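Enquirer: Have a look; sequence and predicted model below, questions after that.
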Amino acid sequence: GAVVSQHPSRVICKSGTSVKIECRSLDFQATTMFWYRQFPKQSLMLMATSNEGSKATYEQGVEKDKFLINHASLTLSTLTVTSAHPEDSSFYICSARDLLDLQPGYTFGSGTRLTVV
Amino acid sequence: AQSVAQPEDQVNVAEGNPLTVKCTYSVSGNPYLFWYVQYPNRGLQFLLKYITGDNLVKGSYGFEAEFNKSQTSFHLKKPSALVSDSALYFCAVAHTGTASKLTFGTGTRLQVTL
């Protein structure tokens, strides 16, 4: 089945630094990838939708300059948290849709636990 | 706008008993409906989805869900719960359309005890 690899699984960084999270579709091509944020004991909140070769579409309230998304190829999307602060600490999850999947299917990465100290 | 409601924060079931995790949705037009399970510090694992066709959908690990259009519900069920089913369950909806985004419910924690 479809597999999405997300790295790193866990990262601790100092306040003010930037962190890059990668999301790769391993055995399929994904024109669209989604980035979610999950706070403890809460649901997943969609941050942005990234389409290969074009600018990401951000949800209302998400800072574009803070959460940089790049979708340079059909198998890779990256989320960079710039100038991270403790309030950015969260669980970030990506998902991808198979280009060839005629029925909608969303495969999720295993998530990244970001802790900003 | 589309939305999902999971009215129960937690469901407690004894092992061997049937379980139901409730989900209702709101979306314009025909919905795509999904159930996912999440274990601690992990991503979401796909359980099942309803796209079209039979209202009863069978998925992974013995789970099933019934699409009820009149009640706008998509409850998750399993005839006999296992302790290993204990996890966080999310219902999600997408509007029929290409690359449409998923909207998640708030999640229901299932606790199965011996």
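Expert: In hand now; what should we look at?
Enquirer: Return the residues of chain B in contact with chain A.
Expert: Within chain B, the positions lying close to chain A (CB under 8 Å from any CB of the partner chain) are B:32, B:34, B:36, B:41-46, B:49, B:51, B:90, B:94, B:99-107. Every residue, glycine included, has its C-beta placed from N, CA and C.
Enquirer: at 10 Å instead, please
Expert: B:4, B:6, B:9, B:32, B:34, B:36, B:38, B:41-46, B:49, B:51-52, B:88, B:90-92, B:94-107, B:109 (CB under 10 Å from any CB of the partner chain).
Enquirer: Give me the buried subset of those residues.
Expert: Buried residues within the residues of chain B next to chain A, defined by neighbour count using 16 or more other CB atoms under 10 Å in any protein chain shown: B:4, B:6, B:32, B:34, B:36, B:38, B:42-46, B:49, B:51, B:88, B:90-92, B:94-95, B:100-107, B:109.
Enquirer: now the spatially most central residue of chain B, nearest residue through space, not along the chain?
Expert: What sits nearest the mean C-alpha location of chain B, by CA atoms, centre = their mean, is residue B:35, with 3.5 Å. Leaving aside its sequence neighbours, residue B:35 sits nearest to residue B:47 (CB to CB, 6 or more residues apart in numbering or on different chains; 4.3 Å).
Enquirer: Backbone dihedrals for that neighbour, please?
Expert: Dihedral pair for residue B:47: phi -110, psi -50, per degrees, to the nearest 10.
Enquirer: That one: what's it in contact with?
Expert: With contacts defined as CB atoms under 10 Å, 6 or more residues apart in numbering or on different chains, the neighbours of residue B:47 are B:34-37, B:57, B:59-61, B:63-65, B:76, B:78, B:89-91.
Enquirer: any idea of the pLDDT on it?
Expert: Looking at residue B:47, its pLDDT reads 94.
Enquirer: I'd like to know how far it sits from residue A:73.
Expert: Residue B:47 sits 30 Å away from residue A:73, taking CB to CB, to the nearest Å as the criterion.
Enquirer: per-residue confidence for residue 82?
Expert: No chain in the question, so chain A it is. Each residue has a pLDDT score; the one for residue A:82 is 97.
Enquirer: ah, no, chain B please
Expert: pLDDT, residue B:82: 97.
Enquirer: Give the residue spans of chain A that score low on pLDDT.
Expert: Scanning chain A with the threshold set as pLDDT under 70 gives A:99, A:102-104.
Enquirer: hmm, try it at 50
Expert: Scanning chain A for pLDDT under 50 picks out nothing.
Enquirer: Tell me where it has strands.
Expert: A:4-7, A:10-13, A:19-25, A:32-38, A:44-51, A:57-58, A:67-73, A:76-81, A:90-97, A:106-108, A:112-116 (DSSP state E).
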